[in-house]
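**Student:** When you get a sec, could you give me coordinates for this:
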Amino acid sequence: RLVRVVCVGAADLPRMDLLTGSADPYCTVHLMANRDEVVPDFLEDKYTTSVVQNCLSPEWNEAFVLSPRSRDEYIVVRVWDLDKIGD
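**Tutor:** The predicted structure is shown next:
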């Protein structure tokens, strides 16, 4: 069985960049086997949207197809801010 997840967008995200007063948001989507499991930051089997530069209300409209191994898995969607170091 396949599951289609669409990351549509977000609204009123917090300002993360001190210099611009904005953020560079993107989403990650992945499956977890256990709701209480700690979600590691770097997973091989995650999907990532594009980064929307300098935006607090991004629109992605990006779809991903997940392949759960069991009905007990959970979909985890997280919004991140891209931190560029050295630019």
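**Student:** In the protein, where is pLDDT below threshold?
**Tutor:** Counting by pLDDT under 70, the ranges of the chain that qualify are 35-45, 84-87.
**Student:** Break down it into its strands, ranges please.
**Tutor:** Secondary structure of the chain (DSSP state E): strands at 3-9, 25-32, 47-48, 59-66, 74-81.
**Student:** To residue 16, which of these lies closest?
**Tutor:** strand 74-81 (4.0 Å; Cβ to Cβ). To be clear about C-beta, it is placed using only N, CA and C from the backbone, and glycine gets the same treatment.
**Student:** Alpha carbons of stretch 9-25, as PDB, please.
**Tutor:** This file holds the C-alpha atoms of stretch 9-25, laid out as PDB (Å, rounded to 0.1, in the frame of the first residue of the first chain):
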ATOM      1  CA  GLY A   9       2.500  25.200   2.800                       C
ATOM      2  CA  ALA A  10       2.800  26.900   6.200                       C
ATOM      3  CA  ALA A  11       1.700  30.200   7.700                       C
ATOM      4  CA  ASP A  12       3.100  32.600  10.100                       C
ATOM      5  CA  LEU A  13       6.400  30.800  10.800                       C
ATOM      6  CA  PRO A  14       8.700  32.400  13.400                       C
ATOM      7  CA  ARG A  15      11.500  34.600  12.300                       C
ATOM      8  CA  MET A  16      14.700  32.500  12.400                       C
ATOM      9  CA  ASP A  17      17.300  34.700  10.600                       C
ATOM     10  CA  LEU A  18      18.300  37.700  12.800                       C
ATOM     11  CA  LEU A  19      19.700  39.700   9.900                       C
ATOM     12  CA  THR A  20      16.800  39.400   7.500                       C
ATOM     13  CA  GLY A  21      14.000  39.000  10.100                       C
ATOM     14  CA  SER A  22      12.700  36.100   7.900                       C
ATOM     15  CA  ALA A  23      13.300  32.300   7.400                       C
ATOM     16  CA  ASP A  24      14.300  29.900   4.700                       C
ATOM     17  CA  PRO A  25      11.800  27.100   5.400                       C
END
